[in-house]
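1. quick one, what's the 3D model for this:
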Amino acid sequence: VELENAHEATADALAAARVAWKQVRQRFPQLAQMDTDALMEFQAVEWYKDRVSFKKYLEGKGRDASDVSTAWPMLG
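-> Numbering: from 1, shown residues only. Below you'll find the predicted structure:
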């Protein structure tokens, strides 16, 4: 992606967002087709599944997993 004004916060953030968007469109085209509500739900469900899996992993290793939250950390 083109980067003008490198190391200026807004320009850097915009370039990072453009790189992420290109990666999503190439690797996960189904995500690029989702509206914002569907994308938010997808992220929340995947987050929950990941946290449950991580808790099981820790517990399987005999470690305390009581502080692993499955709550979605973003406000809807």
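
2. now the helices for this structure?
-> 9-27, 29-32, 36-60 (DSSP state H).

3. which one in this structure is furthest away from the centre?
-> Most distant residue from the mean C-alpha position of the chain: Gly62, 27.9 Å away (CA atoms, centre = their mean).

4. phi, psi for that one please.
-> Here is the backbone geometry of Gly62 (degrees, to the nearest 10): phi 80, psi 20.

5. ok, it to Trp21 distance?
-> Using CB to CB, to the nearest Å, Gly62 is found at 42 Å from Trp21. For glycine as for every other residue, the C-beta is placed from the backbone atoms N, C-alpha and C.

6. same question for Asp64.
-> Distance of Asp64 to Trp21, computed by CB to CB: 39 Å.

7. and the two? Which one has more around it.
-> Set side by side, Asp64 and Trp21 show more neighbours around Trp21, with 12 against 8, by other CB atoms under 10 Å.

8. burial measure for Phe42, as a count.
-> Other residues close to Phe42 by other CB under 10 Å number 13.

9. which ones are touching it?
-> Taking CB atoms under 8 Å, 6 or more residues apart in numbering, we find Phe42 in contact with 31, 34.

10. enumerate every residue touching the spatially closest residue to Tyr48 that is not a sequence neighbour.
-> Distances taken as CB to CB, 6 or more residues apart in numbering place Thr70 nearest to Tyr48, at 5.2 Å, with adjacent residues excluded. Taking CB under 8 Å, 6+ apart as the criterion, Thr70 is in contact with 47-48, 51-52, 55.
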